[in-house]
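Q: Below are the sequence and a predicted model; questions follow.
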Amino acid sequence: MFFFLSKILSYLTQPLTIVCLLGIASFFIRKDKWKKRLRYAAIGLFLLFTNDFISNEVVRLYETPVTPLSEIKKQYEWGIVLTGVTSTNKVLKDRVYVSSSPDRVNHSLLLYKKDIIKKILISGGSGKLLDPNYSEATELYSLYRIMGVDSADLLIEGNSRNTHESAVAVKKMLEGKTKPEDCLLITSGYHMPRSKACFKKLNWNCDVFATDIRFHEREYTPDSWLLPKSEAIVNWNALFKEWVGLVAYWVSGYV
């Protein structure tokens, strides 16, 4: 039930969903005063959510900063890669489609090739409401194998459906075999605050390595300030999803 409700709430609180609901509501409200207020609110939020400069600044404040490779002074037994990067709604099923957050895979592979992490634990099953049997970890396992990772250095946890379940499953798999300080948690920068909080709640305080950093250098150009950009909405979508998830996890005692 928690999984279902969290997904529905996440969809309803997406920026464009809010803008559309305000616009639609303005057609059903009879009082002209409220019609105007709702339409102004919809327009105002649309301009806010498509403003690249503002979204970049908010992302910069929230994301976990990237770690320079030169600052990593130790070797980790395990790199824990959280899933949420593949796409299943493709016609051809004979390959793996990485549709979002590809650097969770790319940078974990880089860490492995540089011998910063010895092994990779891929954690995550299906995050979809209509396809509960899909195992994203299994899909990524095949991708890592194609990229040259030894099968002996790969471990799969393919049943968890959210970040909390991943943390619980990973701790259960590794506890007694290694120590938290010998593990490196790898996920997207915007996803890291919630992920780190889930592992901390379980007293599995591993180091973190943020990937897929969304913020960029500040641009003081007219297009950054004035022109609507789809990238800004994508950033807000990711942030709203994380904020809603963080609140839901806090209420449920997961963080």
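A: Structure received. Numbers count the residues shown, from 1 in each chain.
Q: Can you tell me the centre-most residue of the chain?
A: Centroid-nearest residue in the chain: His191, 4.1 Å away (criterion: Cα atoms, centre = their mean).
Q: Could you report the separation of the closest residue to it other than its chain neighbours from Asn205?
A: Leaving aside its sequence neighbours, His191 sits nearest to Glu242 (Cβ to Cβ, 6 or more residues apart in numbering; 6.4 Å). Where you see a C-beta, it was placed from the backbone N, CA and C, and this is true even at glycine. Distance of Glu242 to Asn205, computed by Cβ to Cβ, to the nearest Å: 20 Å.
Q: So the two - more neighbours on which side?
A: Neighbours per residue (other Cβ atoms under 10 Å) separate Glu242 from Asn205, with Glu242 holding more: 21 against 13.
Q: for that one, what are its contacts?
A: 62, 190-191, 193-194 (Cβ atoms under 8 Å, 6 or more residues apart in numbering).
Q: out of these, who's nearest Leu226?
A: For the contacts of Glu242, the closest approach to Leu226 (Cβ to Cβ) belongs to Tyr62, at 23.9 Å.
Q: how near is that closest one to Arg214?
A: Tyr62 is 9 Å from Arg214, by Cβ to Cβ.
Q: And for Ile24?
A: Counting by Cβ to Cβ, the gap from Ile24 to Arg214 is 29 Å.
Q: can you give me the strands for this structure?
A: 76-82, 117-123, 154-157, 183-188, 207-211 (DSSP state E).
Q: Low-confidence stretches in the stretch 51-200 of the chain?
A: 127-132 (pLDDT under 70).
Q: those helices in it, which residues are they?
A: Assigned by DSSP state H, counting those that start in this stretch, the stretch 51-200 of the chain shows helices spanning 52-62, 103-113, 136-146, 163-174, 192-201.
Q: Go through the fourth one and flag the buried ones.
A: This means helix 163-174. Buried residues in helix 163-174, counted by 16 or more other Cβ atoms under 10 Å: 163-171, 173-174.
Q: just the shortest one next, same as before
A: If you call a residue buried by 16+ other Cβ under 10 Å, then helix 192-201 has these buried ones: 192-199.
Q: Let me know the closest of these to Lys119.
A: Phe199 (17.5 Å).
Q: what's near enough to touch the closest residue to that closest one other than its chain neighbours?
A: Leaving aside its sequence neighbours, Phe199 sits nearest to Ala167 (Cβ to Cβ, 6+ apart; 4.9 Å). Neighbour list for Ala167: 195, 198-199, 201-202, 204 [criterion: Cβ under 8 Å, 6+ apart].
Q: try 6 Å this time
A: 198-199, 202 (Cβ atoms under 6 Å, 6 or more residues apart in numbering).
Q: would you list these in TSV and tack on distance to Ile29?
A: Output for those, formatted as TSV (distance: Cβ to Cβ, whole Å):
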residue	distance to Ile29
Cys198	41
Phe199	46
Leu202	47
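Q: Thanks a lot, catch you later.
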